[in-house]
Every structure is written in structure tokens, then in C-alpha cells.
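Trainee: what's the 3D shape of this:
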Amino acid sequence: MYDTIIIGAGMSGLAAGVRLAHFGKKVCILERHAAIGGLNSFYRQRGRTFDVGLHAVTNYAAKGARSGPLAKLFRQLRFAWDEWALAPQLGSVIMFPTAALRFSNDFSLLESEVRCRFPRQTDNFRRLIASLHDYDQFGASGADRSARRVVSEIISDPLLIEMIFCPVLFYGGSRENDIDFDQFSILFRSIFLEGLARPLAGVQRILTLLARRFKEQGGELRLKAGAARIVVDGDQARKVVLEDGSELESRYVLSSAGWTETMRLCDDRPADEPPSPGRISVVESISVLDSQPRALGHEQTIIFFNDSDVFHYEKPDGLVDLRSGTICSPNNFAYPEPLEEGVLRITALANYDRWAALDAESYRLAKEEQRERLLESAARFVPDFRPSVIGGDMFTPLTIRRFTGHAEGAVYGSAAKRRDGASHLKNLFICGNDQGLVGIVGAIISGIGIANRYLLK
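Mentor: This is a model prediction of the structure:
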């Protein structure tokens, strides 16, 4: 009998496990795959290690900071700042045809950019910053307020509104074209007011630290141990049945698999419960270069681009939407020493249904074709790096579906969030994307928060 069974060894599940094990709880984390991390993971291919999922750690705080989500994370999980070896971004930009806004981990840069390019919006922009909810208020209003509506009541220039929403939605928007204002506040703070950084070894470093700490404190991590069913008795989850037929009993069950996906595991819920509408998925191309991006004239850490003055954040009709996207270089962080190889990662919105309808050979050909189109699209916004590409890979919505279990390859989970993490069962809870906190730090804070609120009573 366990105190808690955690379904999924992603960031939130691992963080919850570390927190619980620290207090002597008997915890077992179940992971369907042979590797931890879900989509935020890493793999080896042709002698290279590829990061997937992580572009940057948001919510950056300098060493010694005592406030903010990152400082809270370190305190709650007993990590030292140096263990994460975070390097801050060099500088990023939002690029639209008629304007560009640079930003860094110094918020005054973005303020000056808005003042220069949108002088009539300077006071309005300050009002927007003042209106943002802080982290302790997340979900406190109980209202699902449209962020677009709130922001448009403060900012009167349509172009500036579109430019603000582009990074926010690409880094956490789970539904089409809009986001709840609570979530908007958290994402705006995490990207712009605090900023971006990256561990020297990428996501592998964070996952290794979490898994090692969990095991050191007596936690049990089972790989290749997918949950097939949650046995329900009355108003409680009694046991978890694994895919191999074995059964595990626990006082509590915590799932990071997603709301819809978790409900489908419960044997008192219909197996065909439809996912929430408007689920967002993406493709991403990872290109390895024969030189550092800065040697090619590309100095930005991340470019959020859109090729018109209206930003469409929605499921495209075709396989990929090339009108907008992100271009991230892991090389363009302030590392003490440069990375061995140059890398560019290009992300764009994608249609899960279109990819899922392809047979194996058509899927392979589509990946090759769409990867070339992604590189061509990115070359409109950065110096043409294509002659320097010496390798790479690409993932699609089907990859997301495979490694996260999210229906329709929803990269940020369900459009409808369960902020309190509770379910219809007294001892079943959720954490992670569908609890409402996204990104590396958000997912970890979600796991910590749900563990503190329900499982450490």
C-alpha cells in the first residue's frame, strides 16, 4: 500500500514525488515510457543528444532572489540555485511585418521598445502591467475572463495587442486565439517581467536532478509501467491497474496525464468522453548547424514571428501553419562557454487530424516536406542558415500524442483547466498542464502545490 501513486513522470509528477518523499511518504511514480519527462525530455540519435519540449525556463530569477516562482521551487524541493546552472537569454524579439519589439530579462528594454514604437500606448501599457494578477491570485476569481477582452479594454492599438499575445499564446495557450486572463497574467509575468534562461545541459539536467532527488528520498520510479485503469469504489480511487495486469493500492492517486486522459482511466466514467474543443498542437524542426548561429548573423535567443498584422493562433486547415511560429537557438544564452554545435529549433502550429490520417510512408514524406517548408519559413526572419544544416530531426502532433498521451496531440493539454486540481473522487487529483500552470517552472510548481494542498495533510 502506497501513500500516493503518481501517474506520469513528467515535470509536475516528478516534483510532486520529490515533495512527498521528502516528508517520508511512500510514493510510486508510474511512467508508460522508458524515459522520464514526457514531451519535455531528451533522446540520443546518430551520436547527438536532442532536447524536445524545452526552449527556455521561464520565471528566471538571479542567484539570491527570494521571491517569485523559481525561488519558491528551489525552497520547496531543496535545490540550490547552482544545481540548475541557469544561463539567462541574450535577448529575444517579437517580429511582425510593420514592427518589432525586443525584450530581455531586463523589463525596461520592452518598456522602452513599446514607448518608441507605440508612443500613444505608453501609459496604457503601464496600466496593463499594473492590472496583472500575481501568482497567489491564480484562479482566485473563479471567473473565466477573456484575456483579449481585458487587454483590449486597456490597450487601444490592435497591432500591439497582437504582438503581446504572440509569445504568450505560443508559450502556454491551450485554446484557439485567446486565453483566460489569470493564465495570461502568469505567462506575461513569467516571460517578460522575469524572463528566460536555460540549463547548460538543457532539459536533461532538470530531469536528472528531479529523478535523483526522488530516488534518494526513497521514492519508487517505475518505467515501462503504464496505468491502464483506475479502479473506483464509491467516491474513491481504490487501486491502479497497470498495462501488464498488476494492481497497486494507494491512499491517493495523483495524475499528470491530463484531465480527459485521467477521466478515461476511471472505470466509473465513459471511455468515449470527448476532449474539450480547440486543442492546440505543433510541429518542431531541430536543425544542427556546422557553426554557431551568431557566426551566421543570428544573435536572438528566441524570435516570435508572424507574417501579417493579425495573429491567428488556431488549428490550421493543412498540416502546418507557416504564417507564424518561433525560432529558438539554444546557443544564444549567456553560457560561460559556447555549446559544441549550433542548433536552431523552429516551431509552428499544426493540425493533428491531418497528420493522424497519413499512412506510414505518407507520414515520412510529409515530415521531410514540412521540415523543408519550416526552414524556408524561418529564413524570412533570420539570416539564411540552410546551407549550414548538417543534421536534425522533427516532431509532429503524433509525437506529442505518443509521449504525453494528450488527446489530439494537445501540447498544452485541455482548453478547460481544473485550477483546484480536484476530481469527482475524494482521493484523485491532477497536476500539470490541465491544472492550469504551464512551462517547466509552472509544471513543477503545479506538482508542488497539489502535493502541499491535498497530499501532505
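
Trainee: when you work out contacts or count neighbours from here on, use the C-alpha atoms and nothing else.
Mentor: Will do.

Trainee: can you list the domains in the protein?
Mentor: Taking automatic domain parsing as the criterion, the chain consists of the domains 2-45+66-85+202-276+414-455, 107-191, 277-403.

Trainee: out of those domains, nearest to residue 97?
Mentor: If you check each of the domains of the chain against residue 97 by C-alpha to C-alpha, domain 277-403 wins as the nearest, at 5.9 Å.

Trainee: report the distance from the closest one to the chain centre.
Mentor: In this view, domain 277-403 has its centroid 16 Å away from the chain centroid, taken as C-alpha atoms, centre = their mean, to the nearest Å.

Trainee: quick check: most distant residue from the centroid of the protein.
Mentor: The C-alpha centroid of the chain is most remote from residue 234, which lies 34.8 Å away (C-alpha atoms, centre = their mean).

Trainee: any stretches of the stretch 151-300 of the chain with poor pLDDT?
Mentor: Applying pLDDT under 70 to the stretch 151-300 of the chain flags residues 270-278.

Trainee: and the strands in the stretch 51-200 of the chain?
Mentor: When assigned using DSSP state E, counting those that start in this stretch, the strands of the stretch 51-200 of the chain occupy the ranges 86-88, 92-96, 99-103, 197-199.

Trainee: okay if I get the ones you listed as JSON lines plus distance to residue 298?
Mentor: What follows is the strands of the stretch 51-200 of the chain, written out as JSON lines (distance: least, C-alpha to C-alpha, whole Å):
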{"stretch": "strand 86-88", "distance to residue 298": "17"}
{"stretch": "strand 92-96", "distance to residue 298": "11"}
{"stretch": "strand 99-103", "distance to residue 298": "14"}
{"stretch": "strand 197-199", "distance to residue 298": "18"}
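
Trainee: got CSV for these, with distance to residue 295 and mean neighbour count too?
Mentor: Shown next, in CSV, are these (distance: least, C-alpha to C-alpha, whole Å; neighbours: other C-alpha atoms under 10 Å):
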stretch, distance to residue 295, mean neighbour count
strand 86-88, 20, 23
strand 92-96, 17, 21
strand 99-103, 20, 19
strand 197-199, 20, 24
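
Trainee: of those, which is nearest residue 367?
Mentor: strand 92-96 (26.1 Å).

Trainee: if we can go back for a sec, ok, the residue farthest from the centre of the chain to residue 262 distance?
Mentor: 17 Å (C-alpha to C-alpha, to the nearest Å).

Trainee: the strands of the stretch 51-200 of the chain: which one's closest to residue 244?
Mentor: Here strand 197-199 is closest among the strands of the stretch 51-200 of the chain (C-alpha to C-alpha), at 36.5 Å.

Trainee: other residues contacting the closest one?
Mentor: By C-alpha atoms under 8 Å, 6 or more residues apart in numbering, the list of residues contacting strand 197-199 from outside reads 55-58, 60, 84-89, 205-206, 330, 333.

Trainee: of those, just the buried ones, PyMOL syntax please.
Mentor: Burial among the contacts of strand 197-199 is assessed by 16 or more other C-alpha atoms under 10 Å; the matching PyMOL selection reads:
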select buried, resi 55+56+57+58+60+84+85+86+87+88+89+206+330+333
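
Trainee: residue 123: neighbour count?
Mentor: 12 (other C-alpha atoms under 10 Å).

Trainee: make that residue 364, sorry
Mentor: 11.

Trainee: next one: residue 411
Mentor: Residue 411: 24 neighbours (other C-alpha under 10 Å).
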